[in-house]
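In: Here you go, sequence then predicted model.
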Amino acid sequence: MLYMIIERFKNGDPVPVYRRFRDKGRQAPEALKYISSWVTTDMSRCYQLMECEDRRLLDEWITRWSDLVDIEVIPVITSAQAVEKIAPRL
């Protein structure tokens, strides 16, 4: 399952997040796969694409960062999967 993660840096401050990442890494459970990420130009939000089979792994990772970021989780599918899903209705 793919998840779009929207992180909003608490107090609009990305420095503590990047400092922890520099010092401790992503801190993700091994079976939680990081795909890619994008950060807004004003450095207020980060969008990450993550993948795992067990949602509890994602929750475990979120707990490790919840003191620095507010996190929204959105289950997503690829565009190719969306085309396949919608094809019978076309």
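Out: Everything's here; your move. Worth saying up front: this structure is predicted, and the values here are computed from it rather than measured.

In: what are the bridge partners for residue 71, then?
Out: Judged by DSSP bridges, the bridge partners of residue 71 are residue 7.

In: Next, count neighbours for it.
Out: Neighbours of residue 71 under the rule other Cβ atoms under 10 Å: 18. Backbone N, C-alpha and C define where each C-beta goes, glycine included.

In: My read is that it contacts residue 4, right?
Out: No. The criterion here is Cβ atoms under 8 Å, and residue 71 misses it with residue 4 at 11.0 Å.

In: Figure out how far whichever helix or strand residue 48 is part of is from the centre of its chain.
Out: Under the criterion of DSSP states H and E, residue 48 resides in strand 45-51. Per Cα atoms, centre = their mean, to the nearest Å, the displacement of strand 45-51 from the mean C-alpha position of its chain is 3 Å.

In: swap in stretch 16-26?
Out: Here the centre of stretch 16-26 is set off from its chain's centre by 15 Å, with Cα atoms, centre = their mean.

In: can you give me the helices for this structure?
Out: Using DSSP state H, the helices of the chain run over 15-24, 55-65, 79-86.

In: what angle do the second one and strand 45-51 make?
Out: Pointing back at helix 55-65 there. With axes from the mean of the first three to the mean of the last three Cα atoms, to 10 degrees applied, the angle from helix 55-65 to strand 45-51 works out at 150 degrees.

In: any residues touching stretch 13-26, and which ones?
Out: The set of residues external to stretch 13-26 that reach it, using Cβ atoms under 8 Å, 6 or more residues apart in numbering, is 7, 9-10, 27, 34, 39, 43-44, 46, 61, 65, 68-69.

In: again, only this time at 6 Å
Out: Stretch 13-26 has contacts (Cβ atoms under 6 Å, 6 or more residues apart in numbering) with 9, 34, 43, 68.

In: I appreciate the help and will end here.
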